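In: Below: sequence and its predicted model.
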Amino acid sequence: MKRIEVVAAIICRNNKYFACQRGYGEFKDFWEFPGGKIEPGESREEALKREIREELDLSICLDSFLTTVEYDYPNFHLTMHCFLCSIDSQDPIIKEHENARWLLKEQLHSVQWLPADIKVVETLRGSV
Ligand SMILES: Nc1nc2c([nH]c(=O)n2[C@H]2C[C@H](O)[C@@H](COP(=O)(O)OP(=O)(O)OP(=O)(O)O)O2)c(=O)[nH]1
């Protein structure tokens, strides 16, 4: 099976987490953490900073590693490394998604996450 390796940013500010809604492709309308595929030669950190710059016109600070999710989609195996990230007072500008929201921990279940993200959301909800 095809494998893809992705990095995702769990951006937290004022106790809220930044969730994005995909605007195209096979997962259109599902919610995800911003990020994307690691390109050849990139470190995880470089890939994540690049993706967030491209998707949200934002500079992030990677604060800590949260978890790596392994998930089998019908057409590929996903490995997704998730990092807790912070930003300064800048606001994200949505360049590639159709919608985005800041969600409190207890609101994380209010959107329809991509299947691979359910475990990440559970991890977040269980964390202090
Ligand atoms: N960025 C991101 N991708 C996720 C999450 N959960 C999840 O299953 N994925 C999957 C969806 C995509 O198949 C893949 C991310 O790749 P990507 O963001 O480059 O998406 P894409 O294939 O639409 O991009 P592209 O090749 O068209 O540029 O990982 C998540 O929380 N964030």
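Out: Perfect, thanks for sending it. Residues are numbered from 1 along each chain as shown.

In: got the buried residues for the helix or strand harbouring residue 10?
Out: Under the criterion of DSSP states H and E, residue 10 resides in strand 2-13. Using 16 or more other CB atoms under 10 Å as the test for burial, strand 2-13 gives 6, 7, 8, 9, 10, 11, 12. From N, CA and C alone the C-beta is placed, and that goes for glycine too.

In: same check, this time on stretch 78-93
Out: Those would be 78, 80, 81, 82, 83, 84, 85, 87, 92, for stretch 78-93 by 16+ other CB under 10 Å.

In: which element is residue 78 on?
Out: Secondary structure from DSSP H and E places residue 78 in strand 76-86.

In: chain center to that strand: distance?
Out: For strand 76-86, the separation from the chain centroid amounts to 7 Å (computed by CA atoms, centre = their mean, to the nearest Å).

In: how about it as CSV, C-alpha atoms only?
Out: Extracted C-alpha coordinates of strand 76-86, given in CSV (Å, rounded to 0.1, in the frame of the first residue of the first chain):
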residue,chain,number,x,y,z
PHE,A,76,-2.9,4.6,1.5
HIS,A,77,-1.2,4.3,4.9
LEU,A,78,-0.8,7.6,6.8
THR,A,79,1.9,8.3,9.3
MET,A,80,1.1,11.7,10.9
HIS,A,81,3.4,13.4,13.4
CYS,A,82,1.6,16.0,15.5
PHE,A,83,3.2,18.9,17.3
LEU,A,84,1.8,21.4,19.8
CYS,A,85,2.6,24.8,18.4
SER,A,86,2.2,28.4,19.4
